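Peer 1: Mind looking at a prediction? Sequence and model below.
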Amino acid sequence: MKTAPIDRRAVIAGLAGAAATLASPAWAQISLTDPSTVRTVQVMKPGDYLWAPEVAPDGPVIIVVSLARQRAFVYRNGVPIGISTVSTGKEGHATPTGVFTILQKRVDHKSNLYNSAPMPYMQRLTWDGIAIHAGNLPGYPASHGCIRLPMAFAQKLYGVTRLGLTVLITEEEAVPRIAPDPGLLTRTPPGKKPEGRGIWKPELSPQGPISIVLSAADRRMVVLRNGVEIGSAPISIDGPVTEPAAYTLQKVEGEAFHWLRIALPGQKGVAADVSAEDRARLHMPERFRRALAGILQPGATAVVTIDSLRQGDTGQALTVIAGEDDIPL
């Protein structure tokens, strides 16, 4: 397959801009609001991609896919390190929107649904046929629901991901910006206790990366470990939540959890620590908070959405994770 990577030096020098300080990788950033970068993303041809992993050599990875824009954005340690053209589901085979985790990875995989079609560098998002993989990019949605990437980009992406990694798929033209910071794991003060009880079953998945999804519509939090739901609880958030948000856990010091707000495309500014004021906005049952705090480690990710996590709700349902069934890719 023919791919057209854009020159690495152009990515770092011409596109990242002077704000990309490689000497400080945790805060270096490909400035997606810089006019030259925005222009480049807009004029990308099928098969084009940007890849600058040295901008953030270490840290948790999260992937955002814009169906309207037909682009995938890769962040590491809260910093964008890659952008690629994609081809998603065609009419009648729409790519589902929502929050997913990577359930399975295979370098050499063939479809059991579509005549053994090759799916190199496959990263499964659901057990009923949706995955990220290398494939043909004609310049428009053409897949059976999967997210196709240029071969070279798919290979590079495969090398930095792991099982349980969070993938956010949106229909929006502009990739979602950060919501007003809700903070995470603040103690629940008197008079602020959310109604209802939490469910906590960590034995369902004893090990693996943690992903947290918080729905403002449902006023509920879901905790996934290695792609398996291990807990959920009612929550309350002070103030409005008007846009999706994404966070990564940087470090844990005693009972202090240092979360980094990810600066997604369309937002001015850079990745930043969540302030104490913002941390005070989120409330959850105290027993659930303590249980969750006991398993969190740096690298955990959290996504806040205004959508519902339930099927049949008012508004569009948001897929959190698909249960495994007998339908293979």
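Peer 2: Looks like it came in fine. All figures in this text were calculated on a predicted structure; none of them were measured in a lab.

Peer 1: rest of the way, CA atoms for contacts and neighbours
Peer 2: Noted.

Peer 1: residue ranges with poor pLDDT in the stretch 101-250 of the chain?
Peer 2: For the stretch 101-250 of the chain, the stretches with pLDDT under 70 are 112-116, 172-196.

Peer 1: Okay, strands next: where are they in it?
Peer 2: Taking DSSP state E, counting those that start in this stretch as the test, the strands found in the stretch 101-250 of the chain are 104-106, 122-124, 131-134, 147-149, 166-170, 199-200, 210-215, 220-225, 228-234, 236-237, 245-253.

Peer 1: Save the ones you listed as JSON lines, and put in mean neighbour count and distance to residue 61 too.
Peer 2: As requested, these are exported to JSON lines (neighbours: other CA atoms under 10 Å; distance: least, CA to CA, whole Å):
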{"stretch": "strand 104-106", "mean neighbour count": "17", "distance to residue 61": "15"}
{"stretch": "strand 122-124", "mean neighbour count": "26", "distance to residue 61": "14"}
{"stretch": "strand 131-134", "mean neighbour count": "26", "distance to residue 61": "15"}
{"stretch": "strand 147-149", "mean neighbour count": "29", "distance to residue 61": "17"}
{"stretch": "strand 166-170", "mean neighbour count": "24", "distance to residue 61": "8"}
{"stretch": "strand 199-200", "mean neighbour count": "15", "distance to residue 61": "26"}
{"stretch": "strand 210-215", "mean neighbour count": "25", "distance to residue 61": "11"}
{"stretch": "strand 220-225", "mean neighbour count": "22", "distance to residue 61": "15"}
{"stretch": "strand 228-234", "mean neighbour count": "21", "distance to residue 61": "18"}
{"stretch": "strand 236-237", "mean neighbour count": "22", "distance to residue 61": "26"}
{"stretch": "strand 245-253", "mean neighbour count": "20", "distance to residue 61": "9"}
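
Peer 1: Compare those and give me the one nearest residue 259.
Peer 2: Closest approach to residue 259 among these (CA to CA): strand 245-253, 4.4 Å.

Peer 1: Give me the buried positions along the helix or strand just after that closest one.
Peer 2: Downstream of strand 245-253, the first helix or strand assigned by DSSP states H and E is strand 256-261. Judged by neighbour count using 16 or more other CA atoms under 10 Å, the buried positions of strand 256-261 are 257-261.

Peer 1: Also stretch 97-109?
Peer 2: 97-105, 109.

Peer 1: Got the domain ranges for this structure?
Peer 2: The record assigns the chain these domain ranges, following automatic domain parsing: 4-170, 199-305.

Peer 1: so can I have a markdown table of the strands of the stretch 101-250 of the chain showing distance to residue 81?
Peer 2: Below are the strands of the stretch 101-250 of the chain laid out as a markdown table (distance: least, CA to CA, whole Å):
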| stretch | distance to residue 81 |
| --- | --- |
| strand 104-106 | 21 |
| strand 122-124 | 19 |
| strand 131-134 | 18 |
| strand 147-149 | 16 |
| strand 166-170 | 15 |
| strand 199-200 | 35 |
| strand 210-215 | 20 |
| strand 220-225 | 25 |
| strand 228-234 | 27 |
| strand 236-237 | 31 |
| strand 245-253 | 15 |
